[in-house]
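Colleague: could you look at this predicted model? Sequence included:
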Amino acid sequence: MYWRHRFPFAYSNPTLYSASMIKKHFLFLAVAMFWAVLGSSQALLAAPPGWELRNGSWVPIVPPGVDTPDGQVAQMIEDLANNETKKLISDARKWIKANKKHPLMPQVMLLQGDAEVARGNKYKALYSYEDILNNYPTSELFPHVLEREYNIADAFLRGYKKKFLGLRILSVEGDAIELLDRIQDRQRGSPMAERAGLRVADYYYTNGQFRESTDAYNDFIRRYPYSQYVRKAEMRRAESSLANFRGILFDFTPLYDGRERLAALQEAYPQTSESLQIRAIDDRIYQLEGKKELEIARYYWRAGKKHASGYYYKRVIANWPDTLSADAARKELALRMPQEANK
């Protein structure tokens, strides 16, 4: 995960600060907050003069001079269109070294990342994309880079492998989840963030990781309560809860949680109540509860505790009279304890 940019922070004991240091500290915080508020109110920085945003990339409005830095960037765009990616990557490295303060720097980094993607090196492309996101957060290319990172994360979750010893054999699902989480943090509340959050939850759901999918859908509903995907998230959260049930010998809490969530869905969306099949799920839980009690009765019989076994057999018959478990309980009780069956 070398593409990550870490920013270590040092913390000191505040009791060791002098009065002047404390004043400087608060002055620094005040200035930082001022610029943060000012920056948040400004629009994303547009393309440099002579360039415009088109299809998620800056392109020249009028062809620039061939030997100028702008002309070299225009040539890189043409190289990418012609699939001359190796040349582009080499030229981009030289350009970045020679033009460190040039306003087209994020565009060149973007081209470098796009060239790596075109060569199939999606993981390598993250180096360039992360450079843009970390160093040019006010650029109008920012959301378009997030879109590219989303596509890479999606490819990771669909089975893309990272190279190791020249072979694509390393799974990168963990990196994909982290990328999607970072997208949510970098553009909170946006449609892109919604897609990222839902993609994480859907990945866990489709891969049978229902405990994780329950948590992920919970997080999605908490973050995006007004999303158009809330109903889908609530439905799958309920289904994930039901799927967490491991069998009649285990805790029934996931079943009860799933039923409660489906009941809430039925109340909130009565027009879709039939598709939720809540009645069928209720019947299934009803059957499983009777089956569990029957297994308890059989356990006590095997343990030689006839009185307890008879109690549970009768309990199944009384509380789940119209189930297959009740039919089995009547037969077994009559066979094993006929005197109890006649009471």
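Modeller: Good, I have the coordinates. Numbering: from 1, shown residues only.
Colleague: element containing the nearest residue to E239 once chain neighbours are set aside?
Modeller: Sequence neighbours aside, G258 is the residue nearest to E239 in space, at 7.1 Å (criterion: C-beta to C-beta, 6 or more residues apart in numbering). For glycine as for every other residue, the C-beta is placed from the backbone atoms N, C-alpha and C. Assigned by DSSP states H and E, G258 belongs to helix 253-268.
Colleague: return the set of buried residues in that helix.
Modeller: Applying a neighbour-count criterion of 16 or more other C-beta atoms under 10 Å, one finds 254-255, 257-259, 261-263, 265 buried in helix 253-268.
Colleague: which elements pack onto it?
Modeller: helix 230-243, helix 273-276, helix 278-302 (3 or more C-beta pairs under 8 Å, 6 or more residues apart in numbering; DSSP states H and E).
Colleague: need the ones you listed in TSV (columns: mean pLDDT).
Modeller: Below are these laid out as TSV (pLDDT from 0 to 100):
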stretch	mean pLDDT
helix 230-243	86
helix 273-276	56
helix 278-302	86
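Colleague: follow-up on the earlier one: any idea how far R182 is from the residue nearest to E239?
Modeller: 31 Å (C-beta to C-beta, to the nearest Å).
Colleague: related to what we said a few turns ago, what's the most buried one of the helices and strands packed on helix 253-268?
Modeller: Mean neighbour counts were compared across these using mean count of other C-beta atoms under 10 Å; the top stretch is helix 230-243, at a mean of 21.
Colleague: and that helix, what does it pack onto?
Modeller: By 3+ C-beta pairs under 8 Å, 6+ apart, helix 230-243 packs against helix 191-206, helix 210-223, helix 253-268.
Colleague: count of residues packed around R54?
Modeller: Per other C-beta atoms under 10 Å, the neighbour tally for R54 reads 10.
Colleague: and the pLDDT at it?
Modeller: R54 carries a pLDDT value of 90.
Colleague: ok, now how distant is it from E289?
Modeller: 62 Å.
Colleague: R148: what's it in contact with?
Modeller: Contacts for R148 (C-beta atoms under 8 Å, 6 or more residues apart in numbering) come out as 56, 113-114, 117, 125, 129.
Colleague: my bad, D181
Modeller: 196, 200.
Colleague: low-confidence ranges, the stretch 1-150 of the chain, go.
Modeller: Within the stretch 1-150 of the chain, the segments meeting pLDDT under 70 span 1-44.
Colleague: strands along that one, start to end?
Modeller: Here the stretch 1-150 of the chain has its strands, by DSSP state E, counting those that start in this stretch, at 51-54, 57-60.
Colleague: identify the residues contacting S213.
Modeller: S213 is in contact with 201-202, 204-205, 236-237, 240, counting by C-beta under 8 Å, 6+ apart.
Colleague: tell me the pLDDT at it?
Modeller: At S213, pLDDT is 93.
Colleague: likewise Q339?
Modeller: 78.
Colleague: burial count for it?
Modeller: 8.
Colleague: OK, contacts around the nearest residue to I89 once chain neighbours are set aside?
Modeller: Nearest non-adjacent residue to I89, counting by C-beta to C-beta, 6+ apart: A115, 5.1 Å away. Each residue near A115 by C-beta under 8 Å, 6+ apart is listed here: 80, 85, 88-89, 92.
Colleague: check A201 too.
Modeller: For A201, counting by C-beta under 8 Å, 6+ apart, the contacting residues are 213, 216-217, 219-220, 233, 236.
Colleague: check the residues you listed and tell me the two furthest apart.
Modeller: Largest separation among the contacts of A201 by C-beta to C-beta: D219 and R236, giving 12.7 Å.
Colleague: please tell me how far the residue lying closest to P48 once chain neighbours are set aside sits from G50.
Modeller: Counting by C-beta to C-beta, 6+ apart, P103 is the residue found nearest to P48 once chain neighbours are left out, at 4.1 Å. Relative to G50, P103 is positioned 10 Å away (C-beta to C-beta).
Colleague: one step back: pick the most buried one from the strands of the stretch 1-150 of the chain.
Modeller: It is strand 57-60: most buried of the strands of the stretch 1-150 of the chain by mean count of other C-beta under 10 Å, with a mean of 18.
Colleague: pull up the pairing partners for that one, direction included.
Modeller: strand 51-54 (antiparallel) (DSSP bridges).
Colleague: list the contacts of the partner strand.
Modeller: Residues from elsewhere that reach strand 51-54 (C-beta under 8 Å, 6+ apart): 46-47, 58-61, 70, 104, 107, 140-141.
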